[in-house]
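In: Sharing a model prediction with you, sequence too.
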There are 4 protein chains.
Amino acid sequence: MTYRTSTAEGPIDFVNVLDLEKMAQSVIPKGAFGYIASGAGDTFTLRENIRSFNHKLIIPQVLRGVENPTTDVVFDGDTLTSPIIMAPVAAHKLANEQAEVASAKGVSEFGTIYTTSSYATTDLPEISQALNGTPHWFQFYYSKDDGINRNIMDRVKAEGYKAIVLTADATVGGNREVDKRNGFVFPVNMPIVQEYLPEGVGKTMDYVYKSAKQALTPKDIEYIAQYSGLPVYVKGPQSAEDALISMEAGATGIWVTNHGGRQLDGGPAAFDSLQEVAEAVAGRVPIVFDSGVRRGQHIFKALASGADLVALGRPAIYGLALGGSHGVRQVFEHLNNELKMVMQLAGTQTIADIKKTKLRDNKYDSSFPFDPDTLNLV
Amino acid sequence: MTYRTSTAEGPIDFVNVLDLEKMAQSVIPKGAFGYIASGAGDTFTLRENIRSFNHKLIIPQVLRGVENPTTDVVFDGDTLTSPIIMAPVAAHKLANEQAEVASAKGVSEFGTIYTTSSYATTDLPEISQALNGTPHWFQFYYSKDDGINRNIMDRVKAEGYKAIVLTADATVGGNREVDKRNGFVFPVNMPIVQEYLPEGVGKTMDYVYKSAKQALTPKDIEYIAQYSGLPVYVKGPQSAEDALISMEAGATGIWVTNHGGRQLDGGPAAFDSLQEVAEAVAGRVPIVFDSGVRRGQHIFKALASGADLVALGRPAIYGLALGGSHGVRQVFEHLNNELKMVMQLAGTQTIADIKKTKLRDNKYDSSFPFDPDTLNLV
Amino acid sequence: MTYRTSTAEGPIDFVNVLDLEKMAQSVIPKGAFGYIASGAGDTFTLRENIRSFNHKLIIPQVLRGVENPTTDVVFDGDTLTSPIIMAPVAAHKLANEQAEVASAKGVSEFGTIYTTSSYATTDLPEISQALNGTPHWFQFYYSKDDGINRNIMDRVKAEGYKAIVLTADATVGGNREVDKRNGFVFPVNMPIVQEYLPEGVGKTMDYVYKSAKQALTPKDIEYIAQYSGLPVYVKGPQSAEDALISMEAGATGIWVTNHGGRQLDGGPAAFDSLQEVAEAVAGRVPIVFDSGVRRGQHIFKALASGADLVALGRPAIYGLALGGSHGVRQVFEHLNNELKMVMQLAGTQTIADIKKTKLRDNKYDSSFPFDPDTLNLV
Amino acid sequence: MTYRTSTAEGPIDFVNVLDLEKMAQSVIPKGAFGYIASGAGDTFTLRENIRSFNHKLIIPQVLRGVENPTTDVVFDGDTLTSPIIMAPVAAHKLANEQAEVASAKGVSEFGTIYTTSSYATTDLPEISQALNGTPHWFQFYYSKDDGINRNIMDRVKAEGYKAIVLTADATVGGNREVDKRNGFVFPVNMPIVQEYLPEGVGKTMDYVYKSAKQALTPKDIEYIAQYSGLPVYVKGPQSAEDALISMEAGATGIWVTNHGGRQLDGGPAAFDSLQEVAEAVAGRVPIVFDSGVRRGQHIFKALASGADLVALGRPAIYGLALGGSHGVRQVFEHLNNELKMVMQLAGTQTIADIKKTKLRDNKYDSSFPFDPDTLNLV
């Protein structure tokens, strides 16, 4: 039976990005929504991802003469609207029939980097067309078969991808218990990896992940860099040690993430690892950050903690589900506007100013419910 | 359509200031109440403002011979009933038809400093009349237009204001999501700033804030001080650095606040910043504190942490809504009585004694619900 | 109208002391129960009193050859069944028509020290008769009138009291908001202080407290010690400084308490202050501890933190309400049995062994709900 | 009346081990389930046992070339499928009519060490038969009577037990309040200790524990070692001191546990004590760990904190209740599979690799509800 999901395209009426999750739940089929929204195990790490931004505090700065702060950055020769970029997310078709065509279009219209997942549900040429020249990166689930890997790299280069992002934190799938409870299997095909996943439809996450290579080593980075001639970002280091191992193997960028709390439960919030990685990297290569970003203040804190770019996963996909390409663009614009407000109040005119800002450690745990309704004001 | 709100005037039956919020909700129209009560973003900082007072503990002192402790202080030549003063709050008419006339009268009867907001819904002469000689300060939302600024300063001087409080933490409005959800627009005019906000009615917060000057710098302090000849308090520093910048520019006082959690969410509780600021100021200029004050013990802790004066915002406005000028006075008296009880039990006879008191750091986070009902005793 | 309350006498069916609070609520009139059970202000300190015992952890010790541990102690020449003693609590008649006659009898049968409150609802001779020779102390709310004080001390000495406990932490009543909400006034007379509180019935807590002397100083301790010739315990120090002030004035014992969270809200849990006081006292005088004790492990932790005696307030009064003299004795026996079990598991044969035990600091806040029902096992 | 419980045998449909508790509650009689599931006192320590695993965080390691990690270990000459072993648990017949015969069979089929409880509800020969050669240890509740102790040791040796585990943390029963509320008495006999507990049926926990020896000392370890000639594990040390006392007395292994939170409430989580013990033991003897293990990540963290073997109690018993021998095996397999997934993501190929891993201290308390339903995704 054919999978059917949202076909929305157009403006979304929302106040903040946290709203979108509940809204998206009503337009995406249950199993697919569970796959998108949930995390691993007890979801400890998933929740810590958001909560952890409270561990550092932004001290407002006054009298800095800030007005209309700007978020544009030049990255690798491209001028981006913002340091907020699109994270690789598998199978956009789960969220919207338009799939990656719409998300690529939305990101392109916003004007930032788009990262294509190996497990995209649209093939490379269609994505390229929608990207319309916006800078794009390719997230690589590395195959066990080097021939397949070379074929994929050849195709990626031909489509003008500017970097390869090697996912290193997902050599098996995390313990996604919600998928098990929902009996979720992939209802859509993944054309980019069709050589090693010819029959994606009907497969569990477990099957999908196991089809890729488990025994990744630094040599794989070297090989990708050498064969493709492209910059290689390693996605997964959460410690100084792993960042250094990656850089020694030739990584031209480090992507700090815990895969949105979807892989190893019982590990730290990604944000709590960012500063250590940034200190080890010491500016030698760029750092991309994702996991738990739901607010402009989160983006500010990530940038002030060493990130050069901050990637969105779930929020963009919820935008896709609720508003197609328009919805994706709206989510980026919304968070960028939140960021600008934070910049104004924090006394920072530019992204470079944010990166010089020192956050204050929060001495207190400050757990609190993220429930806007508890004040009973609306 | 004309805005209609409470017209109450007279005694309020309440046990503590936390009660007032729920009671006020029933007499103020929904959108206006949301504007008054809510905070920015996730309301993390709003909630931390109150919770943070648990971070420091008052150690009761015994056998100090304290009896009938006194709260009066001499400040800038005026004898005040108490170091508790009135914070600037926009648009009192949202809470009570009598607006600033009633709040000024209540504060005057209590006998402390009244701070008039630039966004008052009553013009200066009427407020002056109600103040009846009580010392008063003017909170300044600085215009982009220096001519307008001079006009306002001229008027303020003519009305006998003793100081100008320059708000530096609100060069744009915070992310007030409750206002967005309620579709709140200002239903009342703001006569003091009519030159740069001629049509306040029907405008959003965003519009209102953007009408003021964003690019504030230390030079603005210098200019205000020089042109007005009045002491200038800078409202907004939450760090040693910002306090020093303000003082170097000529600030004659530092007002530590995070705008009641209404501006930058994800920043610290104001109380958690007070000690750092006080250590930097080192007694060279007075410190005013607000944000989160709901209890006599909060006032005690703020004074013991370096504040010279402690300002009330929302509690006074709830008193205004529920009891007009009488209600405002009652709120001040109530908190002052709570303060006196704390003083007696803490072994401090005078405000000066409080300021010599050392609080104990709470090593534990001690989050707990502020819910008097959980004991089921009433 | 005459006040009517429980007349229970006999065994109580209960599993732990926390049960008793809910059970007692059903046999004591609402206002009186609120007075007994509630605390000051936000009840932060009240709740911290219980929670704070989690701040220190008992490390079980194995292979210590412990069997049938013993709790008897010799204190001031008397052999007590246990270091658990009766705290002074006002107005036992609120809980049981038998009032102090029953509580004194229960404590005497258990075999420990009974502390009579100045605000007892039974006169001294009747209490003495019920005490039947058990060692007894007199808690003194000091009058403003020295003649009255001398009269009271004369009577107390005549009744064989072995010590005077001067309450120093309650020179005014705490902010008991539950009493205000319930409109609670004292429905019973207090014969011991009838000279300065001739008409106790119908008076608020506030009135009662204000009738005693506010301006207590070290000279009062000196005077009590000199006039009475009895040991004087100062009840209220929560810091090294206050313990030393008391000792310098001649205190022969320090009673660490925060008055059961009924006086200054926003101060520390009493248990969190105990170690500091004990280090300052350094064994020179005995230390009594109360506030928050609900478990045998709490008593163990207090003894291991420097207390020589641990006093029960509310739990004993709940026993009184539910079982008269038998109920009081049962509560002491129950907690003493819990203590013995803890001693066995902690590898401590005697109270002296407990006092040599080192607790482990809990690095984590470990807030958790005290709700035995959450496991759904009963 | 004869006790009747589950007779299940076969596969269980479950997603994680936390599910099993609720499922088991529906097949085990209420009193027996309460006995199995509950803990001592306020259940503070019971809950901390699980929560404490959040105090240390696993940092995923990437690019380590890990593939199909292996869990087998050689312990004392035996090759085990996994370092996960069976903890001693009293009275398996409470959970399943097949009792220890089924649990021994399940553990044997999984291929790890089985620990027989002194309070087994099946006699030694029948257990041996079911064990079918899998390595087995005997948990000893030491009698007051040395003759009985020798008889038991003679029988144990004859049945090929490879070690004796002396329980030292349960010289009396903990304060099991759920048992008191349920009026639970043992409904089944305990044949192994029939010499000193001839009539186990109808007895309370209290009676059962008091029948064993209270005054255990290091000499008892020496005696057991000398008489039996077997290795002796001391079960109960939670501090360096107790580990060293045990080792000096001849213990050939230390079992770190707090008896599943069933003995001394108000003590630390067992996991929080593990590192201190491991540092004191310094590899001289093996360390076994139990208490609170519900996840593969918990096992990983225990191994990385110094444990050589990790024992399962309640989870195995729930497996027994729900699926007999098959259920027991499934629980072991399930947790071992979770462990393998964690190993893959943590970059550890073998158990030895785990033991070289350094966990990161969690600076934050991170209490959070273990409620998979709160995300509303299933």
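Out: Here it is on my side, so go on. What you see is a predicted model, and the numbers here were worked out from it, not measured in a lab.

In: Isn't A:D220 up against A:S143?
Out: No: using C-beta atoms under 8 Å as the test, A:D220 is too far from A:S143 to be in contact (10.7 Å). All C-beta atoms are positioned from the backbone trio N, CA, C, and that covers glycine.

In: Following element in sequence after the helix or strand hosting A:I317, please.
Out: In this assignment (DSSP states H and E), A:I317 forms part of helix A:314-346. Next along the chain after helix A:314-346, taking DSSP H and E as the criterion, comes helix A:351-355.

In: Shouldn't A:N175 be within a helix?
Out: No: counting by DSSP: H, G, I helix; E, B strand; the rest coil, A:N175 is not found in a helix; it is coil.

In: rewinding a little: helices or strands next to the helix holding A:I317 in the packing?
Out: Packed against helix A:314-346, as judged by 3 or more C-beta pairs under 8 Å, 6 or more residues apart in numbering or on different chains; DSSP states H and E, are the following elements: helix A:17-25, helix A:30-37, strand A:84-86, helix A:99-110, helix A:296-304, strand A:309-312, helix A:351-355.

In: Retrieve the pLDDT associated with A:Q194.
Out: We have a pLDDT of 88 for A:Q194.

In: separation between the residue in the stretch 1-150 of chain A positioned nearest to chain D and B:G296?
Out: Residue of the stretch 1-150 of chain A nearest chain D, by C-beta to the nearest C-beta: A:G34 (4.2 Å). Noted for A:G34: a distance of 50 Å to B:G296, by C-beta to C-beta, to the nearest Å.

In: What of A:Y161?
Out: With C-beta to C-beta as the criterion, A:Y161 and B:G296 are 64 Å apart.

In: burial of A:N362, as a residue count?
Out: A:N362 has 17 neighbours, counted by other C-beta atoms under 10 Å in any protein chain shown.

In: check which helix or strand covers A:E279.
Out: helix A:270-281.

In: list the buried ones in that helix?
Out: A:A270, A:F271, A:D272, A:S273, A:L274, A:Q275, A:E276, A:V277, A:A278, A:A280, A:V281 (16 or more other C-beta atoms under 10 Å in any protein chain shown).

In: Could you check the pLDDT of the first one?
Out: Read that as A:A270. 98.

In: okay but it is in contact with A:V293, surely?
Out: No: contact criterion C-beta under 8 Å: A:A270 and A:V293 do not qualify, at 9.2 Å.

In: Quick one: neighbours of A:N151, just the number.
Out: Neighbours of A:N151 using other C-beta under 10 Å come to 14.

In: show me the residues around it that make contact.
Out: A:E195 (C-beta atoms under 8 Å, 6 or more residues apart in numbering or on different chains).

In: try 10 Å
Out: A:S143, A:D145, A:E195, A:Y196 (C-beta atoms under 10 Å, 6 or more residues apart in numbering or on different chains).

In: nearest to B:V342, of those residues?
Out: Using C-beta to C-beta, A:S143 is the member of the contacts of A:N151 that sits closest to B:V342, with 69.5 Å.

In: What about the closest one, how many residues nearby?
Out: 20.

In: Phi first, then psi, for it.
Out: Main-chain dihedrals, A:S143, degrees, to the nearest 10: phi -80, psi 160.

In: quick one, what contacts it?
Out: A:S143 touches A:S118, A:N149, A:R150, A:N151, A:I152, A:V193, A:E195, A:Y196, A:L197, A:S211, A:A212, A:K213, counting by C-beta under 10 Å, 6+ apart.

In: Show the model's pLDDT score for the residue in the stretch 251-378 of chain A positioned nearest to chain B.
Out: The nearest approach of the stretch 251-378 of chain A to chain B comes at A:Q297, 3.6 Å away (C-beta to the nearest C-beta). What the model reports for A:Q297 is a pLDDT of 98.

In: Quick check: closest non-adjacent residue to it.
Out: Distances taken as C-beta to C-beta, 6 or more residues apart in numbering or on different chains place B:G266 nearest to A:Q297, at 3.6 Å, with adjacent residues excluded.

In: so who does that neighbour touch?
Out: Applying C-beta under 10 Å, 6+ apart, the residues near B:G266 are A:53-54, A:56-58, A:60, A:295-298, A:300-301, A:342, A:345-346, A:359, B:40-42, B:44-45.

In: go with 8 Å
Out: Taking C-beta under 8 Å, 6+ apart, one finds A:53-54, A:57-58, A:295, A:297-298, A:300-301, A:342, B:41-42, B:44-45 in contact with B:G266.

In: Could you dump those residues into JSON lines and include neighbour count and distance to A:K93?
Out: Rendered in JSON lines, the data for the contacts of B:G266 read as follows (neighbours: other C-beta atoms under 10 Å in any protein chain shown; distance: C-beta to C-beta, whole Å):
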{"residue": "A:F53", "neighbour count": "28", "distance to A:K93": "31"}
{"residue": "A:N54", "neighbour count": "22", "distance to A:K93": "35"}
{"residue": "A:L57", "neighbour count": "26", "distance to A:K93": "40"}
{"residue": "A:I58", "neighbour count": "27", "distance to A:K93": "38"}
{"residue": "A:R295", "neighbour count": "25", "distance to A:K93": "28"}
{"residue": "A:Q297", "neighbour count": "30", "distance to A:K93": "32"}
{"residue": "A:H298", "neighbour count": "25", "distance to A:K93": "28"}
{"residue": "A:F300", "neighbour count": "29", "distance to A:K93": "33"}
{"residue": "A:K301", "neighbour count": "28", "distance to A:K93": "33"}
{"residue": "A:V342", "neighbour count": "30", "distance to A:K93": "34"}
{"residue": "B:G41", "neighbour count": "26", "distance to A:K93": "33"}
{"residue": "B:D42", "neighbour count": "25", "distance to A:K93": "32"}
{"residue": "B:F44", "neighbour count": "23", "distance to A:K93": "36"}
{"residue": "B:T45", "neighbour count": "31", "distance to A:K93": "39"}
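
In: what's the closest of those residues to A:V331?
Out: A:R295 (12.1 Å).

In: ok, that closest one to A:M23 distance?
Out: 17 Å.

In: So which residues of the stretch 1-150 of chain A form helices?
Out: With helices called from DSSP state H, counting those that start in this stretch, the stretch 1-150 of chain A shows them at A:17-25, A:30-37, A:44-51, A:99-110, A:124-131, A:146-158.

In: between the ones you listed, which gets nearest to A:T257?
Out: helix A:44-51 (9.5 Å).

In: now the closest one: how far from the chain's centre is it?
Out: Here helix A:44-51 is found 15 Å from its chain centre; the criterion is C-alpha atoms, centre = their mean, to the nearest Å.

In: wait, does it contact chain D?
Out: Yes: among the residues of helix A:44-51, A:F44, A:R47, A:E48, A:R51 lie within reach of chain D under C-beta under 8 Å from any C-beta of the partner chain.

In: contact partners of that helix?
Out: For helix A:44-51, using C-beta under 8 Å, 6+ apart, the contacting residues are A:38-40, A:258, A:260-262, A:264-272, A:291-292, A:294, A:367, A:370, D:54, D:366, D:368.

In: Any of those buried? List them.
Out: A:38-40, A:258, A:260-262, A:264-272, A:291-292, A:294, A:367, D:54, D:366, D:368.

In: circling back: what residues are shared contacts of A:D220 and A:S143?
Out: A:K213.

In: and the next element down the chain from the least confident helix or strand in chain A by mean pLDDT?
Out: Sorted by mean pLDDT, DSSP states H and E, the helices and strands of chain A end with helix A:205-211, the least confident at a mean of 83. On the C-terminal side of helix A:205-211, the closest following helix or strand by DSSP H and E is helix A:218-228.

In: Tell me what angle that following helix forms with helix A:146-158.
Out: 50 degrees (axes from the mean of the first three to the mean of the last three C-alpha atoms, to 10 degrees).

In: What lies in contact with helix A:218-228?
Out: So helix A:218-228 is contacted by A:140, A:142, A:146, A:149-150, A:153, A:156-157, A:164, A:166, A:213, A:230-232, A:234, A:245-246, A:248-252, D:63 (C-beta under 8 Å, 6+ apart).
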